[in-house]
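1. model the structure of this input:
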Amino acid sequence: MVSNAINQQMTAVIERVRCSLVQLTNGHLGSGAGTIWHADGLILTNAHVVQRHAPQVLLADGRSFPSRLLAYDESLDLAALSIAAHNLPTMELGSSRRLRAGDWVIAIGHPWGVVGAASAGTVIDVGVPLELPRYPGDLIQVGLQLRPGHSGGPMVDGNGRLVGINTMIAGPQVGLAIPLHTAKKFLRVHLGRASENS
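-> Below you'll find the predicted structure:
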């Protein structure tokens, strides 16, 4: 009974989060993920996903929009896009600073083209990983499988609140995500936006 309740809760969280997940395509075979940050068309993703281009954005409801690149920071691996859409579904913000080792998180994305796939695991640490000592800030290190196509998608806590942006693989069972507090600072510096996403 307990396991069924946990499964139902996780499934509900994933379904809710998928509404704020987008696909980014560059017109070729490659595609990545993005996270709706603001209801009026602001999308957050990885710099390595867009590579200074403005990809086509496919929403969870099937609508497709051209995007405009608003901000790009290669060192942080973050980029912000804008599309001409309104009343988009956003996620409640969590706290990346309160994450602790052992906390459950879920990464959503499109690994190998599988749309809206979810991968769950526990936090290993939030800090500078040994694999990326020159990254200018902390990263969320998680014991889960990230694959090509997860990049730019949301990482959420067990309640479905956004805590990070998936960014890369650090090992067979280790994924890295950019913490929410870093994403907020990126938007504040480059766009002058408030930290809230609604």
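2. where along this protein do the strands fall?
-> 21-25, 31-38, 42-45, 56-58, 64-66, 68-73, 78-82, 104-109, 117-127, 139-143, 154-157, 162-171, 174-179 (DSSP state E).
3. winner for burial among those?
-> Most buried of those, by mean neighbour count (mean count of other Cβ atoms under 10 Å): strand 154-157, with a mean of 28. Just so you know, the C-beta spots here come from the backbone N, C-alpha and C atoms, and that holds for glycine as well.
4. now do that strand: which elements does it pack against?
-> Packing contacts for strand 154-157, counted by 3 or more Cβ pairs under 8 Å, 6 or more residues apart in numbering; DSSP states H and E, involve helix 2-18, strand 104-109, strand 162-171.
5. rerun at 10 Å
-> For strand 154-157, the helices and strands in contact under the criterion 3 or more Cβ pairs under 10 Å, 6 or more residues apart in numbering; DSSP states H and E are helix 2-18, strand 31-38, strand 104-109, strand 117-127, strand 162-171, strand 174-179, helix 180-191.
6. quick one: closest of those to residue 62.
-> helix 2-18 (12.8 Å; Cβ to Cβ).
7. how far off centre is that closest one?
-> Relative to its chain's centre, helix 2-18 lies at 19 Å (Cα atoms, centre = their mean, to the nearest Å).
8. check stretch 147-154 too.
-> Distance, centroid of stretch 147-154 to centroid of chain: 7 Å (Cα atoms, centre = their mean).
9. go through it and flag the buried ones.
-> Within stretch 147-154, the residues scored as buried using 16 or more other Cβ atoms under 10 Å are 147, 149-154.
10. export the residues you listed as JSON lines, with columns for distance to residue 86 and pLDDT.
-> Putting these into JSON lines (distance: Cβ to Cβ, whole Å; pLDDT from 0 to 100) gives the following:
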{"residue": "147", "distance to residue 86": "32", "pLDDT": "87"}
{"residue": "149", "distance to residue 86": "27", "pLDDT": "88"}
{"residue": "150", "distance to residue 86": "27", "pLDDT": "93"}
{"residue": "151", "distance to residue 86": "26", "pLDDT": "94"}
{"residue": "152", "distance to residue 86": "22", "pLDDT": "96"}
{"residue": "153", "distance to residue 86": "22", "pLDDT": "97"}
{"residue": "154", "distance to residue 86": "20", "pLDDT": "97"}
